[in-house]
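> any chance you could fold what I've pasted below:
(3 chains)
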Amino acid sequence: MARTASTGQKIAWTVVAWVIALVIFFPILYTIITSFKTEPEAIAGISLIPSGTFQNYIDVETQRDYFRPFMNSVIISLGSTVLALIVAIPAAWSMAFSPTRRTKDILMWMLSTKMMPAVAVLVPIYLLFRDWGLLDSRIGLTVMLTLINLPIVVWMLYTYFREIPGEILEASRMDGASLWNEIIYVLTPMAVPGIASTLLLNIILAWNEAFWTIRLTTTNAAPLTAFIASFSSPQGLFWAKLSAASTMAIAPILIMGWFSQRQLVRGLTFGAVK
Amino acid sequence: MTLKTLMLGACSLLAIAGTAQAQSTTLTIATVNNGDMIRMQSLTEDFTTKNPDIQLNWVTLEENVLRERVTTDVATKGGQYDVMTIGNYEVPIWAKQGWLLPLDNLGADYDADDLLPSIRSGLQMEGKLYAAPFYGESAMLMYRTDLFEKAGLTMPENPTWEFIADAARKITDRNANLSGICLRGKAGWGENMAFLTALNNSFGGRWFDENWKPQFDQPEWKESLQFYVDLMKDAGPSGASSNGFNENLTLFQQGQCGMWMDATVAASFVADPKNSTVADKVGYAIFPSKEGVDNHGNWLWSWNLAIPAGSTKAEAAQKFIGWATSKGYTELVASKESWAAVPPGTRTSLYDNAEYKKTPFAGPTFKAIQAANITKPTVKPVPYIGGQWVSIPEFQSLGTTVGQLFSAALAGQSSVDDALAQAQQVSTREMTRGGYIK
Amino acid sequence: MATRQTRTLARIMMMPSVLLLLVWMIVPLAMTLWFSFQNYNLLNPANVSWAGLFNYQFFYTDPAFFQSIWNTLLIVGGVLFITIVGGIALALLLDQPMFGQGIVRILVISPFFVMPPVAALIWKNMIMHPGYGVLADLFKVFGATPIDWFAQFPLLSIIIIVAWQWLPFATLILLTSLQSLDGEQKEAAEMDGAGLVARFWHLTLPHMARAITVVILIQTIFLLSVYAEILVTTNGGPGYASTNLPFLIYRTALLGYDVGGASAGGVIAIVLANIVALFVMRAVGKNLDR
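Numbering: from 1, shown residues only, chains lettered A, B, ... in the order given. Here you go, the predicted model:
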């Protein structure tokens, strides 16, 4: 490919990409802008320059503690992701390197466990959680989200692992490496990028899970999704305040995504899909 | 050395915190995220200083989520909440199931006789109060006095729907982005069906006859729904079929509506000069009725505090409810904020208060609430109590389905006759399933 | 010897996942099946009895049933179409040399970080509302009548909102796939004088096949259960125009508190999901073997 793209071409691509990116980003940008408006301003029609008030953030913070739900979100999404990885890595590993005739069926079956609509099983699950004393506990929710996202994690890891060339494995076996050495010294380094990107995507999925996290918690374990639910659609104007609350809920994950997007893309590049 | 001291200090602090924790009761309170409840949260210090052994833990949620959460929890005896905020729709259904504790110990100065009779009657069973009203509302008509003047119209004391329709069409000015009337259109039992049920009541119609037979095939529903669809087509705003309370409030505050009929609580928003561009141009009138029908819709809603049966902290919970729904709380809000910020619609004494009467909406709200009677929602006999809702467990689901059908009629995607025929079919189906129709 | 050892070890390594998911599948499924044969309304717990197939019959005869299945499929199909086509285009675009590539990427990916109910609220009121939404204002600037999105195109509006949320996911996966395409291969193709279209069709697209398959499979699972966006925007209306199967189950479960009926709906939804999955596997599954 002509790596020496002319500057003119580069500028043209830049303009096109920025325009499209801004259109896609616009709803979020507008939310952030709105969070600095007063309530009447927020509904007064399109305007990209807010009056710059911080009152909404102050109101949100005084009305509801941000720190605890934030910490819960961090703990639950990280915890469930790590847990899912611990269970899923060996499974994906063995499926990728010692596939049997049934591997694909097992993979499909795993995905099919996600097909049950959450609304339909709310009452049974609620009863189970009640009996096991797991309502409003971080542990219960973490396990729940682990189970929900496990199939996705297995799937993504499986796709990455399959890209690791089998010859390397053969070579290390020739050298007489034991199975564990093979895993730890040969394969793991090659798998890290894939694992990293699975980790990131899964954290995002867990962070945004808004059904079980609201239905199975009250106060102690309630994460940011419940925080948002306390600002959405009250009687009266709420756009600026909801925008502020949303910005607060999106910001951590957005910042994390920002810092890791290079890793994310590189990780996916390495593993995925040749 | 310093580290050791620090750690020792931390340990003793923890120990103190631990003992304090052991003696106190923590109440978990589920509530809706409306302004009055948010205000209550900011004033709880008054309660906790009076009751140092009780701590409050708030769970604030939007209305739909709150209802799901508390209903699931109370029905499965999940025990997650000590105090629940529920509507007057739920109270009779839950009380009948034995899910609520009777409130018999709300404090010596509670004065249950001061509660507005129309509100109180919906919260009682066999003379016992099962939930204490925190705030109450009815529905009324809000209109723009400046536009009425310009069009040469005067609002009569008891407006009829005929007059309203006429006025709305006169005021409408599509070029100036002004709609004569804004009404709810988004599908849902608490959305468009709240308004349409009240409208139908004021047309003399009913949901069910004495044998629980749905009445959508009767002339009253045909007349009221046709009236609504025609009026909104001629004088309603664009996007009406997805508008709810907040969307209409927004339109009205921006000066895009000539009239708006909705919950009385709206008055405190439209009269607020900080957020409303029309604050000084709003008039109020009672919910209209059809010429010759003595019924003003019987819209009545209250948010109430109740204690789930089986609560182990009933005593503390009653103390809290007694505080939050007392006259003293009203005065607390008035002294800390203003009389306009007091939760409305629960006590007679509030409407006798000279200071409160000065707020522009006190009079009209009181009149609207007094006019509502949920034990007799419509002129014809009915087997249910209700107002803009029907107090049967099936109503949430059935009301939403019918609401979907009627919003299609409003959006012009089906005819009024089709919508009514389908509504009749689904409600007959649901009522047969529920065992009402034998 | 080594292979047998490896194979045993492979089985053992798979165990935890398989067992966990087995339990996670069987317990709720068994409970749902059990409840689906019961008359069990949460608001009337004293009156629980054996219902036989009545819940299924009642759910199946719901006037909205067939339309809801059709709508479910339309949402899945529509969103998949937009996200795959849009995702490929965006991936190709983001692969070009440009200034501020990192920032552009994060901007494109960001909708994925917004919680679904919030996304729906923002779109409904701030973007699409015909009275005071941004789109309405734009239309007015050009002298056009604003579209009443949720009345005129309810299902399309929901598809747009959901597609906006899932476009980043597709873009991300497809972009990485694209970047793993050999530079040499591309250069060789260029040398051969293959045109832009031919290169895309014969080189790039086949290369991305597996990534596309993964996107389709994972998204399908999520899209089959979309309902929060509908609840916030249209409540399934007008009529049944935006009622899908999950919304119908929601109405039964959390408005009617009819556990029996909702369970029957759940079982029907699983059957439908499996049919769709089978169909999708037939269509694209062979790409996984490559």
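> which residue is the nearest non-sequential neighbour of the residue nearest the centre of chain B?
In chain B, the C-alpha nearest the mean C-alpha coordinate belongs to B:Trp301, at 3.9 Å (CA atoms, centre = their mean). In space, and not counting its chain neighbours, B:Trp301 is closest to B:Glu137: 5.3 Å by CB to CB, 6 or more residues apart in numbering or on different chains. C-beta: built from backbone N, CA, C; applies to glycine.
> what about the one you found, how many residues nearby?
B:Glu137: 26 surrounding residues under other CB atoms under 10 Å in any protein chain shown.
> hmm, back to that, give the contact list for the residue nearest to the centre of chain B.
By CB atoms under 8 Å, 6 or more residues apart in numbering or on different chains, B:Trp301 lies in contact with B:87-89, B:136-138, B:263, B:387-388.
> do stretch A:133-142 and chain C meet?
No: judged by CB under 8 Å from any CB of the partner chain, stretch A:133-142 stays clear of chain C, getting no closer than 13.4 Å.
> so A:Ile168 is in contact with A:Ala191, correct?
No: using CB atoms under 8 Å, A:Ile168 is not in contact with A:Ala191, being 11.5 Å away.
> more crowded one of those two?
A:Ala191 (24 against 13).
> what packs against the helix or strand containing B:Gln396?
Assessed by DSSP states H and E, B:Gln396 sits inside helix B:395-410. Packing contacts for helix B:395-410, counted by 3 or more CB pairs under 8 Å, 6 or more residues apart in numbering or on different chains; DSSP states H and E, involve helix B:192-202, helix B:219-235, helix B:416-433.
> how near is the residue nearest to the centre of chain B to B:Tyr135?
To B:Tyr135, B:Trp301 is 9 Å away according to CB to CB, to the nearest Å.
> residue ranges with poor pLDDT in chain A?
Scanning chain A for pLDDT under 70 picks out A:1-5, A:45, A:169, A:172-174, A:176-177, A:179, A:183, A:261-274.
> go again using 50 as the cut-off
A:1-3, A:270-274 (pLDDT under 50).
> deepest in the core, which of the helices and strands packed on helix B:395-410 is it.
Comparing those by mean neighbour count (mean count of other CB atoms under 10 Å in any protein chain shown), helix B:192-202 comes out on top with a mean of 27.
> distance between that helix and the chain's centre?
14 Å (CA atoms, centre = their mean, to the nearest Å).
> ok, now stretch B:46-58?
Taking CA atoms, centre = their mean, one finds stretch B:46-58 lying 27 Å from the centre of the chain it belongs to.
> buried ones in that stretch?
B:47, B:51, B:54-56, B:58 (16 or more other CB atoms under 10 Å in any protein chain shown).
> for that stretch, give the mean pLDDT please.
When pLDDT is averaged along stretch B:46-58, the result is 92.
> pull the contacting residues for C:Ala269.
Here C:Ala269 is in contact with A:115-117, A:120, C:224-225, C:245-246, C:249 (CB under 8 Å, 6+ apart).
> among these, which lie within strands?
Judged by DSSP state E, strands contain none of the contacts of C:Ala269.
> restricted to helices, list those residues.
A:120, C:245-246, C:249 (DSSP state H).
> now those residues as TSV including neighbour count and distance to C:Trp164?
TSV is the format used below for the ones in helices among the contacts of C:Ala269 (neighbours: other CB atoms under 10 Å in any protein chain shown; distance: CB to CB, whole Å):
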residue	neighbour count	distance to C:Trp164
A:Ala120	30	27
C:Leu245	29	22
C:Pro246	26	19
C:Ile249	28	24
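> C:Pro168: which of these is nearest?
C:Pro246 (22.3 Å; CB to CB).
> the closest one reaches C:Ser225, doesn't it?
Yes: taking CB under 8 Å as the definition, C:Pro246 is a contact partner of C:Ser225 at 5.0 Å.
> give me the common contacts of those two.
Jointly contacting C:Pro246 and C:Ser225 under the rule CB under 8 Å, 6+ apart are A:117, C:269.
> hang on, the earlier thing: quick one: pLDDT of the residue nearest to B:Trp301?
92.
> same check, this time on the one 10 residues further on
Model confidence at B:Leu147, expressed as pLDDT, equals 95.
> and what of the one 5 residues further on?
The model reports B:Gly152 with a pLDDT of 92.
> chain C: helices as residue ranges?
C:2-36, C:54-60, C:65-94, C:101-109, C:116-121, C:134-141, C:149-152, C:154-179, C:183-191, C:196-199, C:205-223, C:228-233, C:245-250, C:259-284.
> what comes up buried for the third one?
Think helix C:65-94. C:65, C:67-69, C:71-76, C:78-80, C:82-84, C:86-88, C:90-91, C:93-94.
> swap in the fourth one?
Neighbour-count burial for helix C:101-109, with 16+ other CB under 10 Å as criterion, is recorded at C:101, C:104-109.
> again with the second one
With burial defined by 16+ other CB under 10 Å, the residues of helix C:54-60 counted as buried are C:54-56, C:58-59.
> turn the contacts of C:Ala269 into a markdown table, including distance to C:Gly236.
As requested, these are arranged in a markdown table below (distance: CB to CB, whole Å):
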| residue | distance to C:Gly236 |
| --- | --- |
| A:Met115 | 21 |
| A:Met116 | 21 |
| A:Pro117 | 15 |
| A:Ala120 | 16 |
| C:Leu224 | 17 |
| C:Ser225 | 15 |
| C:Leu245 | 11 |
| C:Pro246 | 10 |
| C:Ile249 | 11 |
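> and stretch B:153-171, C-alpha only, in PDB?
Output of stretch B:153-171 as PDB, limited to C-alpha atoms (Å, rounded to 0.1, in the frame of the first residue of the first chain):
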ATOM      1  CA  LEU B 153     -62.600  34.600  25.600                       C
ATOM      2  CA  THR B 154     -63.400  34.300  29.200                       C
ATOM      3  CA  MET B 155     -63.000  31.200  31.200                       C
ATOM      4  CA  PRO B 156     -66.300  30.200  32.800                       C
ATOM      5  CA  GLU B 157     -66.500  29.000  36.400                       C
ATOM      6  CA  ASN B 158     -67.400  25.500  35.300                       C
ATOM      7  CA  PRO B 159     -66.000  25.100  31.700                       C
ATOM      8  CA  THR B 160     -67.600  22.500  29.500                       C
ATOM      9  CA  TRP B 161     -65.600  20.400  27.000                       C
ATOM     10  CA  GLU B 162     -67.600  22.100  24.200                       C
ATOM     11  CA  PHE B 163     -66.300  25.500  25.300                       C
ATOM     12  CA  ILE B 164     -62.700  24.100  25.700                       C
ATOM     13  CA  ALA B 165     -62.700  22.600  22.200                       C
ATOM     14  CA  ASP B 166     -63.900  25.800  20.700                       C
ATOM     15  CA  ALA B 167     -61.400  27.900  22.600                       C
ATOM     16  CA  ALA B 168     -58.500  25.600  21.800                       C
ATOM     17  CA  ARG B 169     -59.200  25.800  18.100                       C
ATOM     18  CA  LYS B 170     -59.500  29.600  18.300                       C
ATOM     19  CA  ILE B 171     -56.200  30.000  20.100                       C
END
